[in-house]
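>>> What would the 3D arrangement of this be:
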Amino acid sequence: MSIRIQIVTEKLNPISAAIRFSTRNWSSHAEFVDTEAKTTLGARSDGGVQLRPCARDRYSRIEQFVTSVGMDAAYKWALTQVGKPYDYSAIIGMAIDRDWRDESKYFCSELIALAFEKVGYPLLSTRPSVGAYRITPRDLLLSRVIFYKDPAT
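Have a look, this model is predicted:
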């Protein structure tokens, strides 16, 4: 497998614009990408968690990353979540405190963060005193697990 994490800016999407505004960052969506199968795995408002064909035309900026540990295992765990709905409450959760670890529904970056946490490689601090109430694509870019930018993207 040739799995990457893809962090992007979505074109012409009001949710994307709200995410970029609230996080003061260029990124608005995150998903796993299998570069060999040319598929993405992620949570989107149009269908929840799904495997989809790569569609670069829906993005204005794309950066792909690999991690030093846990990528294949996290991807395999995320595959077990296919079919779960999109977490619209995550958009509201950017303004209020909420538990982002609700495994019944996912926002794009919640799926990735929880996948790594489930396989023993948390991308973010899991200390209770830190109190992460939201996980955005920007937070993934600030991860404590080193991401290496794929120079091919």
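
>>> Could you count how many residues lie near residue 30?
For residue 30, the neighbour count with other Cβ atoms under 10 Å is 26. From N, CA and C alone the C-beta is placed, and that goes for glycine too.

>>> what's the spacing between the residue most central in space within the chain and residue 23?
In the chain, the centroid-proximal residue (Cα atoms, centre = their mean) is residue 109; its distance is 2.7 Å. Per Cβ to Cβ, to the nearest Å, residue 109 is found 10 Å from residue 23.

>>> just residue 67 next, same as before
From residue 67 over to residue 23 the distance is 21 Å, taken as Cβ to Cβ.

>>> ok, now residue 143?
In terms of Cβ to Cβ, residue 143 sits 14 Å off from residue 23.

>>> Identify the residues contacting residue 16.
9-10, 28-29 (Cβ atoms under 8 Å, 6 or more residues apart in numbering).

>>> what about the helices in the protein?
With DSSP state H as the criterion, the chain has helices at 14-23, 71-79, 89-93, 108-118, 137-141.

>>> looking at these, which is closest to residue 44?
Proximity to residue 44 (Cβ to Cβ) singles out helix 108-118 among these, at 6.9 Å.

>>> any weak-confidence spans in the chain?
Across the chain, the ranges flagged by pLDDT under 70 are 1, 93-98, 126-133, 144-153.

>>> please redo it, this time with the cut-off set to 50
Scanning the chain for pLDDT under 50 picks out 129.

>>> all strands of it, in order?
Ranges of strands in the chain, per DSSP state E, are 3-10, 29-34, 39-44, 48-53, 59-67, 147-149.

>>> closest to residue 87 out of those strands?
Within the strands of the chain, the stretch nearest residue 87 is strand 39-44; the backing value is 7.0 Å (Cβ to Cβ).

>>> tell me which residues in stretch 50-65 are buried?
Residues 50, 54, 59, 63-65 are the ones in stretch 50-65 that count as buried (16 or more other Cβ atoms under 10 Å).

>>> before we move on, back to that, using CSV, lay out the strands of the chain together with distance to residue 89.
Converted to CSV, the strands of the chain look like this (distance: least, Cβ to Cβ, whole Å):
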stretch, distance to residue 89
strand 3-10, 19
strand 29-34, 17
strand 39-44, 12
strand 48-53, 13
strand 59-67, 24
strand 147-149, 27
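
>>> what about those strands, which gets the closest to residue 122?
strand 59-67 (11.5 Å).

>>> Could you name every residue contacting both of residue 109 and residue 23?
Contacts common to residue 109 and residue 23, judged by Cβ under 8 Å, 6+ apart, are 136-137.

>>> This completes my enquiry, with thanks.
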